[in-house]
Every structure is written in C-alpha cells, then in structure tokens.
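Participant: Everything below, folded, please.
(chains A and B)
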Amino acid sequence: MNGYSTQAAGAYFGELAGLLAEAGMPADRVGATLDELAAYLAESGGDPEEEFGQAAELAEELTATSAPPAEPGANAHSWRWTADLFHDVKLLNEHGAQGWEVDTVDAKGLFVCTRDPEHPQQWEYRRELIPPARRGSVVDRLAPDGWEPCGTWVRFEYFKRPRAASLGPAAELTAPPQAPRRSLFLSPTFYALVAVVLALAATTLVLGADELDGGLDTVVGLICGVAAGALVSMIVLWLAARRRDKDR
Amino acid sequence: MTSDRRASWLKGVLDLMVLASLTAGENYGYEIVKDLAESGLGQIKGGTLYPVLNRLEEAGLVAAEFRVTERGPGRRYYQLTDRGRQTLAEQGGLWLSFGESVRAALLKGGVEPATPREGELR
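Facilitator: Residues are numbered from 1 along each chain as shown, chains lettered A, B, ... in the order given. Presented below is the predicted three-dimensional model:
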C-alpha cells in the first residue's frame, strides 16, 4: 500500500463497516463488500477516501442500491400508501385507528407510515391548506391541541395527534389488523371528476368541430387520442399499484 | 449511535421527568412537552409522551381528566397522585444517586461535560 497508512485504511474501513451495519446490511455482506474494496485498494495503492469518497457517502450509496424492496409484508410495521384529496383525511383517520402513524409524505406523495409492534396506539389526522410563508403560524396555532406536522404535499400540510391525548390508555390497541395489501386508494368522487372532465373536453371538441381543419374526423381522432392516452395512463397506474401490492 | 444512546437514556428517565413536571400542578400534554423541553430533554413527540402518560395513569401514579375547552376539542389534564408523589421521591432519589455515580466515574476517567447541540439533552 502506497501513499497512505495501513492505520488510515483500517480506520476508514472500520467506519464504513459500522455505517453499513447501522444501515441494516447483513454482516456477511458487509464482510464481502469490505474484502472487495480492500482488494481494489491493494491493487490501486491509493488513499481510500480519494478512491471511494467519504465513508458516509459510500455507505449511503451501497445501502441505497442494496436495500430490499420498500413495500412490506402483511405483518410489517411500516407501510406506504396514497389516496386522492377527496378522502385522504378520512382514510388517514381509518388507518390511524388501526395504529398507523404517518412519519412523512415522500417525494412521490406517499404516506410513509409505521406502527409500534409492541404498543400500537391510535392516531388522528387533519389536513391544512397553508399559504406561502404561513406554515409557522399554523403549526403554532395547532400545537397547543397536540397536533404535530407529519408531512407536506404541495401546499397541503398534514398533522397527526395520538388519540391518547383525549382518550388516554383506551387509545392503545390490543390486536390491530394486518397491514392493508393495497397502496392506492382512489375515491368514487375522483373517478366522477375524471369522467366529467373527459365529458367536458369531448363536448367542447364536438361543439368546436367546425372550426377545426378536417372537421368531425379531426374531432374523432382527438377524442380517440385522448381516450387512448387516458386508458394507457390508467393501465400504467393500475399495474404499478398492483405490482407494489403484490410485492408486499 | 449518539441518538440511539440518548433515546435509551430518555427511556429510562422520562416517566420520572413527567412526574417531576407535574409537581407544580396539573397540566396537559402540550405544556408537559414544553416543560420537558425547557428542562433540556429536547422536543418530546406526542408518540413518545402519551404512552408514558398512559402507563403512569394505569399504574395510578397520575390521575387524568378530560375537560372540554371553550375553544378547541378539549384536553386531557394530568395530576400527580399521592402514590405518584411517593414513587417520584423514591425512584427519583435512586436515579440521582445513580447519576452521581456515573458522573463521578466519568470525571475520574477524564471526561469533560460537552455542550449539547440544539434540541439535544443538556
């Protein structure tokens, strides 16, 4: 090994091993990964930090690519799901009553939930539409009643509160149901809205057919295009949700 | 690692801190959280506090009463019972002795107090 001390490499690999283990990588995989890196380093003769970057960054990279699928099994204590705005709070409260606590809303708009395996407790939720730069005042207004922010989506802020804040020990669950197998919940109102929008679009096109080059043929073509696009999008969404649900 | 260690410390002492905060009189969740933060325990989440309050209530160390407020949905107020006061005196005394032993051993080992970062245990 040239240009760096064995001691420095030992410290680097020691830190990396700790970080990988902390991130949940199995011990045998940690060992194999370190062996590979050490073998590379022995050949290159370089400094570990110059070759691989900061140990923390490398650990994050390695665990991100080797992480197991995010979706859990039916007995899992974490669960990701989403719903449209017409009934998301109602579903949050239903799932909260089954012990699901929202930790955050991820970049895809999914509620990231966990449930305490030993002492599951019930949660209640509310949603607030927050104008720009007003988040602090809304959070402060709700805090005395026990509401804590638990996720943001666009301008909507979600808040959670343990039901124990009003029910006491009665809010603890003794036998919560298994995690739902679904992860996508669309309401009848959402489907109705989509139908109305499509109907309005079709009506507008038909009424304005005379002004279009090609007349009715163009309208029929446009409607078919829109319908095909909508159908393909819905199939893609449905397949993605189904795949997620099957993985669990 | 550091946060895990702090979580373990908190787990061992939070019930006593809650009992201690109620010696000043009855209180509800949000104000208890504020008291604990001012004591240097950092921001305790509702998901951590209420299970502790539930256990204390079930053990008869605190008594709770839900009261409807003029504005808002109402609050559950907690107050220390005689049994809670007695437990606080006994267990709190034991904790102080334990803390002093830990402190003495660490000082003997050359450890100096660290300045906590914002939100951390003081």
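
Participant: and stretch A:146-160, is it in reach of chain B?
Facilitator: Yes. Using CB under 8 Å from any CB of the partner chain, stretch A:146-160 reaches chain B at A:146, A:148, A:160. In short, each C-beta sits where N, CA and C put it, glycine included.

Participant: Leaving aside the residues adjacent along the chain, what's closest to the first one?
Facilitator: The one in question is residue A:146. Excluding the flanking residues, the one nearest residue A:146 by CB to CB, 6 or more residues apart in numbering or on different chains is residue A:165, at 4.2 Å.

Participant: same question, the last one
Facilitator: Taking CB to CB, 6+ apart as the measure, residue A:160 lies nearest to residue A:150, with 4.3 Å between them; neighbours along the chain are not counted.

Participant: after the helix or strand hosting that neighbour comes which helix or strand?
Facilitator: According to DSSP states H and E, residue A:150 maps onto strand A:148-153. As assigned by DSSP H and E, the chain's next helix or strand after strand A:148-153 is strand A:156-162.

Participant: neighbouring strands for that next one, and are they parallel or not?
Facilitator: Strand pairing for strand A:156-162, determined by DSSP bridges: strand A:123-129 (antiparallel), strand A:148-153 (antiparallel).

Participant: Output those strands as CSV; include the columns mean neighbour count, distance to residue B:64 and mean pLDDT.
Facilitator: Converted to CSV, the strands paired with strand A:156-162 look like this (neighbours: other CB atoms under 10 Å in any protein chain shown; distance: least, CB to CB, whole Å; pLDDT from 0 to 100):
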stretch, mean neighbour count, distance to residue B:64, mean pLDDT
strand A:123-129, 18, 18, 97
strand A:148-153, 18, 20, 95
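
Participant: got the residue ranges for the strands in chain B?
Facilitator: Counting by DSSP state E, one finds strands in chain B at the ranges B:27-28, B:62-67, B:75-80.

Participant: which bits of chain A sit near chain B?
Facilitator: Residues of chain A lying close to chain B by CB under 8 Å from any CB are A:18, A:22, A:101, A:116, A:119, A:121, A:143-146, A:148, A:160-162, A:164-169, A:171-172.

Participant: of the residues you listed, buried ones?
Facilitator: Among the residues of chain A next to chain B, the ones that count as buried by 16 or more other CB atoms under 10 Å in any protein chain shown are A:101, A:121, A:144-146, A:148, A:160-162, A:164-169, A:171-172.

Participant: centroid residue for chain B?
Facilitator: In chain B, the centroid-proximal residue (CA atoms, centre = their mean) is residue B:17; its distance is 2.6 Å.

Participant: before we move on, back to that, now do the SS call for the residue nearest to residue A:146.
Facilitator: helix (DSSP: H, G, I helix; E, B strand; the rest coil).

Participant: Relative to residue B:91, how far out is it?
Facilitator: 25 Å (CB to CB, to the nearest Å).

Participant: do residue A:188 as well
Facilitator: Residue A:188 sits 55 Å away from residue B:91, taking CB to CB as the criterion.

Participant: swap in residue A:50?
Facilitator: In terms of CB to CB, residue A:50 sits 54 Å off from residue B:91.

Participant: Between the two, which has more neighbouring residues?
Facilitator: Under the criterion of other CB atoms under 10 Å in any protein chain shown, the comparison of residue A:50 against residue B:91 puts residue B:91 first, with 15 against 10.

Participant: The more buried one and residue B:16 touch, don't they?
Facilitator: Yes. Between residue B:91 and residue B:16 there is a contact under CB atoms under 8 Å: 5.8 Å.

Participant: Okay, and the nearest residue to residue B:51 once chain neighbours are set aside sits in which element?
Facilitator: Spatial nearest neighbour of residue B:51, excluding adjacent residues (CB to CB, 6+ apart): residue A:119 at 5.7 Å. Taking DSSP H and E as the definition, residue A:119 sits outside all helices and strands.

Participant: Could I get the phi/psi values of residue A:119?
Facilitator: Main-chain torsions, residue A:119, degrees, to the nearest 10: phi -130, psi 70.

Participant: Would you mind writing the CA trace of the helix or strand of chain B at the bottom of the mean pLDDT ranking as CSV?
Facilitator: For chain B, using mean pLDDT, DSSP states H and E, the weakest element among its helices and strands is helix B:2-21, scoring a mean of 88. Provided in CSV are the C-alpha atoms of helix B:2-21 (Å, rounded to 0.1, in the frame of the first residue of the first chain):
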residue,chain,number,x,y,z
THR,B,2,-25.4,9.1,19.6
SER,B,3,-29.2,9.5,19.1
ASP,B,4,-29.7,5.8,20.0
ARG,B,5,-27.9,6.4,23.2
ARG,B,6,-29.9,9.5,24.0
ALA,B,7,-33.1,7.6,23.3
SER,B,8,-32.0,4.9,25.7
TRP,B,9,-31.3,7.4,28.4
LEU,B,10,-34.7,9.1,27.8
LYS,B,11,-36.5,5.7,28.0
GLY,B,12,-35.0,5.2,31.5
VAL,B,13,-35.9,8.6,32.9
LEU,B,14,-38.8,10.1,31.0
ASP,B,15,-41.5,8.8,33.4
LEU,B,16,-39.7,10.4,36.3
MET,B,17,-39.3,13.7,34.4
VAL,B,18,-43.0,13.7,33.7
LEU,B,19,-43.9,13.0,37.3
ALA,B,20,-41.5,15.8,38.3
SER,B,21,-43.0,18.3,35.9
